[in-house]
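Student: fold the stuff below for me.
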Amino acid sequence: MPEGPYVRESALNSPDVIVITGMSGAGRTEAMHTFEDLGYYVIDNLPPSLLLAVAQMSGLSSGVGRHLAVVCDLRSQGLFEELADALKELSAHEFTYGILFLDASDEVLLSRYALNRRPHPLAREGESTLDAIRRERQQLAAIRERVTLTIDTSNLKPKQLRSRLLAEFTHLTEQQLMEVHVFSFGFKYGMPEEADIIIDVRFLPNPYWNPEMRPLTGRDPLVRDFVIEHPQTQAFLERWCALLDTVMPGYVGEGKSRLSVGVGCSGGQHRSVAIAEETAMHLTKAGYHVLTSHRDLARAERRSS
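Tutor: Coordinates of the predicted model:
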């Protein structure tokens, strides 16, 4: 068992520092992306001697900083000779840690390198990929004694590895981890390039033509009620929310970590704002992590002031 304060984490907790290591081609990049989605500060190929300094700089010692995930591999010579001392330093400063080892069979690793048409990062001049894999495995033998969790990715697709890591290091579901950005915009100011889904609500009754509501926005109760309570809007929202309920699980299933939903009207002031707020409310109630913004609302507010 590894020295220090690390205790095998349940799905309800995660250690302060995760050291990601293992065979090249076994999924370290996918692991990095997953820990980034979990809010970890991720660093690739960090010398172990810097572990404590980086942990302190990231604010972990204050209790409010981001957790840290670092990839340590054989690209730096003498790497694992330093790792034991670095972990002792973490323990002395009351940081919890874990070592994640990603592995795969030689045959699978060889197949992955052939498929990607990339050389093994540790291959010497004139050395075959298989020989490089075998040499790397031999050099990693010492670190295997300190590993907390080993995941064999031989039969795992990237999204399956992601699901396994989420099950090990967080209590949140993939649905809760997917960041959904719902925003309003005005078509007259240009189409948003960042949107994954765009809905055009210019067909709804327009508060702009009412002098009393013209200077207001979709956040004002008068405008909001005018837009949302209209029978045409009610019929639309029923179908719009049903569509979202149908497609959102598909995005989650594909492992998408961020999704942008754009709601557009003519000027981005009335209808799109009200519908974007209603959309965000629906998705929040459905269990998604939702952020809301209004791209062009400031333009309308400047005109009205």
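Student: report pLDDT for the nearest residue to Thr96 once chain neighbours are set aside.
Tutor: Among residues not flanking Thr96 along the chain, Pro15 sits closest, at 4.2 Å (Cβ to Cβ, 6 or more residues apart in numbering). C-betas here are computed from N, CA, C, even on glycine. With respect to pLDDT, Pro15 scores 85.
Student: confirm Pro15 sits in a strand?
Tutor: No - under the criterion used here (DSSP: H, G, I helix; E, B strand; the rest coil), Pro15 is coil, not part of a strand.
Student: and for it, the neighbour number?
Tutor: Using other Cβ atoms under 10 Å, Pro15 has 24 neighbouring residues.
Student: who touches the helix or strand hosting Gly98?
Tutor: Element membership for Gly98 (DSSP states H and E) is strand 97-103. Defining contact as Cβ atoms under 8 Å, 6 or more residues apart in numbering, one finds that strand 97-103 is touched by 2, 4-6, 9, 15-23, 26-28, 31, 87, 90-91, 140, 143-144, 146-154, 161.
Student: check which element follows whichever helix or strand Val273 is part of along the chain.
Tutor: Element membership of Val273 [criterion: DSSP H and E] is helix 271-285. Once helix 271-285 ends, the next helix or strand along the chain (criterion: DSSP H and E) is strand 289-294.
Student: could I get the CA-only coordinates of the helix holding Val273 as CSV?
Tutor: Backbone C-alpha positions of helix 271-285 (Å, rounded to 0.1, in the frame of the first residue of the first chain) are rendered in CSV as follows:
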residue,chain,number,x,y,z
ARG,A,271,-38.4,37.3,-26.5
SER,A,272,-35.1,35.6,-26.6
VAL,A,273,-34.2,36.7,-23.1
ALA,A,274,-37.5,35.4,-21.7
ILE,A,275,-37.3,32.1,-23.5
ALA,A,276,-33.6,31.6,-22.6
GLU,A,277,-34.5,32.1,-18.9
GLU,A,278,-37.3,29.7,-19.2
THR,A,279,-35.1,27.2,-21.0
ALA,A,280,-32.4,27.5,-18.4
MET,A,281,-35.0,26.9,-15.7
HIS,A,282,-36.3,23.8,-17.3
LEU,A,283,-32.8,22.3,-17.8
THR,A,284,-31.8,23.1,-14.2
LYS,A,285,-34.8,21.3,-12.9
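Student: residues of it that come out buried?
Tutor: Within helix 271-285, the residues that qualify as buried are Arg271, Ser272, Val273, Ala274, Ile275, Ala276, Glu277, Glu278, Thr279, Ala280, His282, Leu283, counting by 16 or more other Cβ atoms under 10 Å.
Student: lowest-pLDDT helix or strand in this structure?
Tutor: None of the helices or strands of the chain scores lower by mean pLDDT, DSSP states H and E than helix 297-304, at a mean of 73.
Student: for the closest residue to Gly218 other than its chain neighbours, give me its contacts.
Tutor: Using Cβ to Cβ, 6+ apart and skipping residues adjacent in sequence, the residue nearest Gly218 is Val273, 2.8 Å away. Val273 makes contact with Ser184, Thr217, Gly218, Arg219, Val223, His294, Leu297, according to Cβ under 8 Å, 6+ apart.
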